[in-house]
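1. Build the 3D model from these lines:
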Amino acid sequence: QVQLVESGGGLVQAGGSLRLSCVASGRTLHSYAMGWFRQAPGKEREFVAAISWSSSTTSYADSVKGRFTISRDNAKNTVYLQMNSLKPEDTAVYYCAAGWKWATKVADFDSWGQGTQVTVSS
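-> I've put the predicted structure just below:
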């Protein structure tokens, strides 16, 4: 199983940007599909973005399309989430996840990070 550690969260004003990083250890990320999810207080964890192992395929939640970009650097065992034009409704704990197959659902990912808090003020 791969261990994942997220970083890059913080407090930002609406309209601002943040870049989240997810570094893997234990196993190489090369064969894994990767995803970003988020969970706001009192809400279920929801899909944000996913990327295939080769970066050839990406998928985004409608709420973040055109604002967020997922990318990966397999040589660095790292996945990124560039978040632009942030809105207060983007406030949540953001989680990185790894899975053996292409997926966009929480249940289909095998390994999870501990999360990083993103807070967007209005």
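2. List the residues that contact the residue positioned nearest the centre of the chain.
-> For the chain, residue 36 is the residue whose C-alpha lies nearest the centre (C-alpha atoms, centre = their mean; 2.4 Å). Shown in contact with residue 36 (C-beta atoms under 8 Å, 6 or more residues apart in numbering): 20, 22, 48, 49, 50, 70, 79, 81, 94, 95, 96, 97. Any C-beta I mention is one placed from the backbone N, CA and C, and that applies to glycine too.
3. Neighbouring strands - and their directions - for the helix or strand that it is a member of?
-> Secondary structure from DSSP states H and E places residue 36 in strand 33-39. Its sheet considered, strand 33-39 pairs with strand 46-51 (antiparallel), strand 92-99 (antiparallel) by DSSP bridges.
4. closest one to residue 58 among these?
-> strand 46-51 (5.0 Å; C-beta to C-beta).
5. Past the closest one, which element shows up next along the chain?
-> Next along the chain from strand 46-51, counting by DSSP H and E, comes strand 58-60.
6. Name the surrounding residues that touch that next one.
-> So strand 58-60 is in contact with 48, 49, 50, 51, 52, 68, 70, 104, going by C-beta under 8 Å, 6+ apart.
7. That strand: which residues count as buried?
-> Within strand 58-60, the residues that qualify as buried are 59, 60, counting by 16 or more other C-beta atoms under 10 Å.
8. Could you pull out the buried residues of stretch 82-102?
-> Of the residues in stretch 82-102, 83, 86, 90, 91, 92, 93, 94, 95, 96, 97, 98, 99 count as buried by neighbour count, 16+ other C-beta under 10 Å.
9. That'll do, ta.
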